[in-house]
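Q: Predicted model follows, preceded by the sequence.
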Amino acid sequence: RSVTMSSDIVTLKQTLNEELGENFKQYLTFMKLWFRMKLTKEEFDARIRKLLKPSIIKTHNEFLIAILNKCHMEMTSEVESSKLKSSGEIPAKTISSNVKRTQVYDNSDYNFQPASPHAYIEPYFSKELTDERAGFCSRTLMLPDNSMVHGRMLVTAWDLELSEVEEQAVLLLVKAIELFIKSILTSIITRRKSYQIREGNFIYNFGIPTPNHELKNTALLQDACMQSNATDVCDADRLHLPSLRLTYEQAEQRAAYALACSGMHYPTAKPINMFELYEALKVHKNVIPSHGVYSLNMERIISRLWQPDE
């Protein structure tokens, strides 16, 4: 089904490319602006109809519907597969053909009444494209899903004269977006709370009590997780055995001792605001490697800074 739908999209795109000619690049530009929420659906339709001839408006509508169905098909298949796994339903056993079925005949005149199968079919109401607004991240306040990323990647791929986008590339980009947001949140939280570092770069244990160096007992604090211990090798099978971990009592004693040596109690942290985001990105500039993306978003953050009334 996915292969057939992809071939339909490629065929419709080639048809539009042949009909529009030089205007096909402008057609893709308008579609890209609509996906990026720079144009509304009404503005997109108004500009597109200036480029299209009456004979290819139907092809344009089929092309647009094919893109939306392609993007939403993956999400629907994932939801259905998860429902089947979570329900744990066992399929009914098929009756063997060797079993003889008993037939019961009724001599009544009303033993069979023909019925129309259309009476038991649920009605289907098609929705127009303008009924639902596009689910952009700024409206839903959620990370983009596979369908949204797939749609944008398709338009960008066609702009670069590529015909198709593989599903693995979509999943890779979705995972990269999650890690990108995670790195930004980590840079903000490390500016607000104390934390520990393991192996020189792995940050963990946010909100740990900060040791008070004015107390004498602070020098006796020990952290068994600062460095990894070497694993023992079993001579018989040459297997690496895991290093020993602290017992529950030892871990509880060290946590209580660290809390007693802190002596500092911080107030409850408020929600993250734009000032903290601006400060974190200003200190950790490597979070956004691209200078163009970094400077553009810093300007947007500065334009939205405001001080709430106390």
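A: That came through, no problem.
Q: now the helices: where do they sit in this structure?
A: With DSSP state H as the criterion, the chain has helices at 2-20, 24-35, 41-51, 57-87, 137-140, 146-159, 167-192, 248-262, 274-283, 291-303.
Q: So which of those is the most surrounded?
A: helix 146-159 (a mean of 19; mean count of other C-beta atoms under 10 Å). Every C-beta, even on glycine, is put in place using the N, C-alpha and C of the backbone.
Q: and the direction of that helix versus that of helix 2-20, what angle?
A: 40 degrees (axes from the mean of the first three to the mean of the last three C-alpha atoms, to 10 degrees).
Q: And for helix 146-159, what's in contact with it?
A: By C-beta atoms under 8 Å, 6 or more residues apart in numbering, the residues outside helix 146-159 that reach it are 9, 13, 25, 28-29, 31-32, 35-36, 67-68, 70-72, 74-75, 78, 135-137, 163-165, 167, 169-171, 173-174, 177.
Q: what does stretch 286-303 give?
A: By C-beta under 8 Å, 6+ apart, stretch 286-303 touches 183-184, 187, 274, 277-278, 280-282, 285.
Q: Could you list the low-pLDDT ranges of the stretch 1-150 of the chain?
A: 1-6, 73-113, 124-136 (pLDDT under 70).
Q: for the stretch 201-310 of the chain, same thing?
A: If you take pLDDT under 70 as the line, the stretch 201-310 of the chain has these spans: 222-244, 264-266, 307-310.
Q: picking that back up, could I get the contacts of stretch 286-303 in CSV, plus columns for distance to His60?
A: Below are those laid out as CSV (distance: C-beta to C-beta, whole Å):
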residue, distance to His60
Ser183, 40
Ile184, 39
Ser187, 44
Met274, 41
Leu277, 41
Tyr278, 43
Ala280, 45
Leu281, 41
Lys282, 46
Lys285, 44
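Q: In space, what's closest to Ser183 - neighbours in sequence excluded?
A: Val287 (5.3 Å; C-beta to C-beta, 6 or more residues apart in numbering).
Q: quick check, nearest of the contacts of stretch 286-303 to Leu52?
A: Ile184 (41.4 Å; C-beta to C-beta).
Q: Quickly note the distance from the closest one to Tyr278.
A: 12 Å (C-beta to C-beta, to the nearest Å).
Q: Give the intersection of the neighbour lists for the two.
A: With contacts taken as C-beta under 8 Å, 6+ apart, Ile184 and Tyr278 have no neighbour in common.
Q: Kind regards, and thank you for your time.
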